[in-house]
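*Asks:* What follows is a predicted protein model with its sequence.
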Amino acid sequence: METLEQIRERLLARFPGATVTLIANTAAADQPSLLLDAAHARAIAEWLRDDAELRLDYCSNVTGVDWPDKEIVETVKTTVADPANPEAPPKVVETKTKRLQPGYLEVVYHLYSMSKKHGPVILRLRTGNRTDQVTVPSLTPVWRAAEFQEREVFDLYGVVFEGHPDLRRILMWDQFKDHPMRKDYVSPDDFEWEPTPHGEVLERAKKHYPPPPAAAMNEGGTA
């Protein structure tokens, strides 16, 4: 199979207006990926599926990732001469600045070719932020195997897949609020669904228990 860089070059030639970024992976798996812009993602996906050399006809899994806002500290080094002592060697002064890198949600697709027996090719889609720009194009119309998995990412992370044929929760109930796999998700205290709360769960749940009835308080002759 072609390298990911070769695939990227062919994609840019085929879709000159697209943004296709090679994302390195320094982990042990060493599986780099291609980050696609939303405007061209569906067309690129169809091309990857239909290209005679690749035939990426199977999407094995779809994964969601939450990247919260991150504070970035940048250090700039400058060389400064001492005006009081021109003969002295210049000093290196470090200036640190902080900036906030906005967070986003990410969807990762692992693609294989059943006919060519190769893969994976890994694709990434990113939302604009984690609040009001959480829409990406659905790739279910290209790979039907993505249908339930995109629903899971929608349910647990809050990514909205435009063009999905049946986008609704798949693990949590319809009235459930928030998205449990978000890194800033706060679990409730009451745990009404927990049949036998214990430990820390029990201590949190006690705050929501009703007060004991008056009869129980007076039991044993005490007021």
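*Replies:* In hand now; what should we look at? Numbering: from 1, shown residues only.
*Asks:* List the buried residues of the lengthiest helix in the chain.
*Replies:* The longest helix of the chain (DSSP state H) is helix 38-50. For helix 38-50, the buried set under the neighbour-count rule, 16 or more other C-beta atoms under 10 Å, comprises 40-45, 47-49. For glycine as for every other residue, the C-beta is placed from the backbone atoms N, C-alpha and C.
*Asks:* Send over it as PDB, restricted to the C-alpha atoms.
*Replies:* C-alpha atoms of helix 38-50 as PDB (Å, rounded to 0.1, in the frame of the first residue of the first chain):
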ATOM      1  CA  ALA A  38     -15.100  19.400   6.800                       C
ATOM      2  CA  ALA A  39     -15.900  20.900   3.300                       C
ATOM      3  CA  HIS A  40     -14.200  18.100   1.400                       C
ATOM      4  CA  ALA A  41     -14.400  15.200   3.900                       C
ATOM      5  CA  ARG A  42     -17.300  13.400   2.200                       C
ATOM      6  CA  ALA A  43     -15.900  13.700  -1.300                       C
ATOM      7  CA  ILE A  44     -12.400  12.500   0.000                       C
ATOM      8  CA  ALA A  45     -14.000   9.600   1.800                       C
ATOM      9  CA  GLU A  46     -15.800   8.500  -1.400                       C
ATOM     10  CA  TRP A  47     -12.500   8.800  -3.400                       C
ATOM     11  CA  LEU A  48     -10.600   6.700  -0.800                       C
ATOM     12  CA  ARG A  49     -13.300   4.000  -1.100                       C
ATOM     13  CA  ASP A  50     -13.500   4.000  -4.900                       C
END
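*Asks:* How far does that helix sit from its chain's centre?
*Replies:* When distances are taken as C-alpha atoms, centre = their mean, to the nearest Å, helix 38-50 is centred 20 Å away from the chain's centroid.
*Asks:* And the next helix or strand past that helix?
*Replies:* strand 58-67 (DSSP states H and E).
*Asks:* just checking, what packs against the following helix or strand past that next one?
*Replies:* Using DSSP H and E, the helix or strand that follows strand 58-67 towards the C-terminus is strand 70-80. Contacts defined by 3 or more C-beta pairs under 8 Å, 6 or more residues apart in numbering; DSSP states H and E place strand 70-80 against strand 91-101.
*Asks:* and the next helix or strand along the chain from the strand it packs on, which strands flank it?
*Replies:* Going down the chain from strand 91-101, the next helix or strand is strand 104-113, by DSSP H and E. When pairs are called by DSSP bridges, strand 104-113 turns out to pair with strand 58-67 (antiparallel), strand 118-126 (antiparallel).
*Asks:* got the contact list for strand 104-113?
*Replies:* 1, 33, 48, 54-67, 118-130, 134, 136, 139, 143, 146, 150, 153, 157-159 (C-beta atoms under 8 Å, 6 or more residues apart in numbering).
*Asks:* sorry, back to before: would you reformat the buried residues of helix 38-50 as JSON lines and include distance to residue 18 and pLDDT?
*Replies:* Shown next, in JSON lines, are the buried residues of helix 38-50 (distance: C-beta to C-beta, whole Å; pLDDT from 0 to 100):
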{"residue": "40", "distance to residue 18": "4", "pLDDT": "97"}
{"residue": "41", "distance to residue 18": "9", "pLDDT": "98"}
{"residue": "42", "distance to residue 18": "11", "pLDDT": "98"}
{"residue": "43", "distance to residue 18": "8", "pLDDT": "98"}
{"residue": "44", "distance to residue 18": "7", "pLDDT": "98"}
{"residue": "45", "distance to residue 18": "12", "pLDDT": "98"}
{"residue": "47", "distance to residue 18": "10", "pLDDT": "98"}
{"residue": "48", "distance to residue 18": "12", "pLDDT": "98"}
{"residue": "49", "distance to residue 18": "16", "pLDDT": "98"}
